[in-house]
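Asker: this one's sequence-less:
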């Protein structure tokens, strides 16, 4: 019986620039999917009874602080600076008076609800802010000290708008709102609760779901080459160690290594695993990143057909006058 010549498969490795641009496109599309998932995820978290209760309690505390108020439509809580920025019914004089009163009431709120010492510390910061050398208008200070009291410099005829923008709005935005959280343990605990929900539940779920959908489910829809949209756009496919399209189990193992050892580990290792994986792809001769190196996967140019199995190659060989003679470059 004559000896049958072995079938050799030939592929070209794509240039690194194409791999890099496909990775960038994949990153952007995966992020978009994660953002779309984030919206319903956040809605689901927000209908939890504990979340609703804490939101109401925190909103009530914000109103008590005098740094927040109800929006014009009464549907949400917003800080007073945002409220007055959006409002068109107040004159500059009215805003000046109201904002100055908000700060004074916030200081009294801190004295009453937190402790007197914290309130006095905030008042000291406020007084130092109002009397600093840089707070001047056309050479005139905004405030002067008379009989030990800090009062408005009425003799300078400084417009109310200057007081609104450069004193009261600025102080609330850059000092008071932060002081409300940092000096009030109750407010700090509420803030921590909502931050934990965001950073340890809403964002992780959205990112994980986005990665699974984009880098696992979508490639499984491509029976040849297990492509993402980025790889499809730049004509790149994936083959296994036999230079065939990866089977389901092979691709699943490859994805799990990517998901756990690169993506999740990067969360606690400041992105180092992903950087190492990308560097391997950039500098290795075979353009393999970490998960492809472990599972012996290769990225190839899809100008050459990617075969699912050897039977496909045999059938095509029988159709042609010349036998298929491929090898991997």
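Answerer: Here it is on my side, so go on. Since this is a predicted model, take the numbers as computed values, not measurements.
Asker: Distance of residue 290 relative to residue 167?
Answerer: Between residue 290 and residue 167 the computed distance is 55 Å (C-beta to C-beta, to the nearest Å). To be clear about C-beta, it is placed using only N, CA and C from the backbone, and glycine gets the same treatment.
Asker: Mind checking which of those two has more residues around it?
Answerer: residue 167 (22 against 19; other C-beta atoms under 10 Å).
Asker: Mind jotting down where the strands sit in the stretch 151-300 of the chain?
Answerer: In the stretch 151-300 of the chain, the strands defined using DSSP state E, counting those that start in this stretch lie at 236-239, 298-301.
Asker: hmm, who's touching the last one?
Answerer: The list of residues contacting strand 298-301 from outside it, by C-beta atoms under 8 Å, 6 or more residues apart in numbering, reads 11-14, 19, 225, 231, 235-240, 243, 286-288, 292, 306, 328.
Asker: Just the buried residues of those.
Answerer: 11, 13-14, 19, 225, 231, 236-240, 243, 287-288, 292, 306 (16 or more other C-beta atoms under 10 Å).
Asker: what's the distance between residue 83 and residue 73?
Answerer: 11 Å.
Asker: Who has more neighbours out of those two?
Answerer: Shown here are residue 83 and residue 73; by other C-beta under 10 Å, residue 83 has more neighbours (19 against 6).
Asker: Next secondary structure after the helix or strand harbouring the more buried one?
Answerer: Here residue 83 is covered by helix 80-86, with elements defined by DSSP states H and E. Next helix or strand after helix 80-86 toward the C-terminus (DSSP H and E): helix 92-113.
Asker: The helix or strand that comes right after that following helix: which residues count as buried?
Answerer: Next in sequence after helix 92-113, counting helices and strands by DSSP H and E, comes helix 116-130. By 16+ other C-beta under 10 Å, the buried positions in helix 116-130 come out as 118-119, 122-123, 126, 129-130.
Asker: likewise stretch 52-70?
Answerer: Quick answer for stretch 52-70 (16+ other C-beta under 10 Å): 54, 58, 61-62, 65-69.
Asker: Restricted to strands, list those residues.
Answerer: 68-69 (DSSP state E).
Asker: which among the buried residues of stretch 52-70 gets closest to residue 196?
Answerer: The nearest member of the buried residues of stretch 52-70 to residue 196, counting by C-beta to C-beta, is residue 54 at 11.2 Å.
Asker: which residues touch that closest one?
Answerer: Contacts of residue 54 (C-beta under 8 Å, 6+ apart): 190, 193-194.
Asker: do you know how far it is from residue 22?
Answerer: In terms of C-beta to C-beta, residue 54 sits 44 Å off from residue 22.
Asker: In the buried residues of stretch 52-70, find the pair that's most separated.
Answerer: Among these, 54 and 66 lie farthest apart (C-beta to C-beta), at 20.9 Å.
Asker: quick one: buried residues of the worst-scoring helix or strand of the chain on mean pLDDT?
Answerer: Here the helix or strand of the chain ranked lowest by mean pLDDT, DSSP states H and E is helix 310-319, holding a mean of 76. By neighbour count on 16+ other C-beta under 10 Å, the buried set for helix 310-319 is residue 313.
Asker: Please apply the same query to stretch 153-172.
Answerer: Using 16+ other C-beta under 10 Å as the test for burial, stretch 153-172 gives 153, 156, 158, 162-164, 166-169, 171-172.
Asker: Endpoint to endpoint, that stretch covers what distance?
Answerer: End-to-end span of stretch 153-172 (C-alpha to C-alpha, to the nearest Å): 20 Å.
Asker: And the contacts of it?
Answerer: 67, 79-81, 84-85, 91-93, 95-96, 99-100, 102-103, 126, 129-130, 135, 137-138, 140-144, 152.
Asker: Buried subset of the residues you listed, written for ChimeraX?
Answerer: Here is the ChimeraX command that picks out the buried ones among the contacts of stretch 153-172, judged by 16+ other C-beta under 10 Å:
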select :67,79,80,81,84,95,96,99,100,102,103,126,129,130,141,142,143,144
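Asker: per-residue pLDDT, residue 296?
Answerer: Looking at residue 296, its pLDDT stands at 96.
Asker: Count the neighbours of the residue lying closest to it once chain neighbours are set aside for me.
Answerer: Nearest non-adjacent residue to residue 296, counting by C-beta to C-beta, 6 or more residues apart in numbering: residue 241, 3.8 Å away. Residues near residue 241, counting by other C-beta under 10 Å, number 11.
Asker: what residues are up against the closest residue to residue 294 other than its chain neighbours?
Answerer: Of all residues not flanking residue 294 in the chain, residue 257 sits nearest, at 5.6 Å (C-beta to C-beta, 6+ apart). Contacts here follow C-beta under 8 Å, 6+ apart; on that basis residue 257 touches 290-291, 294-295.
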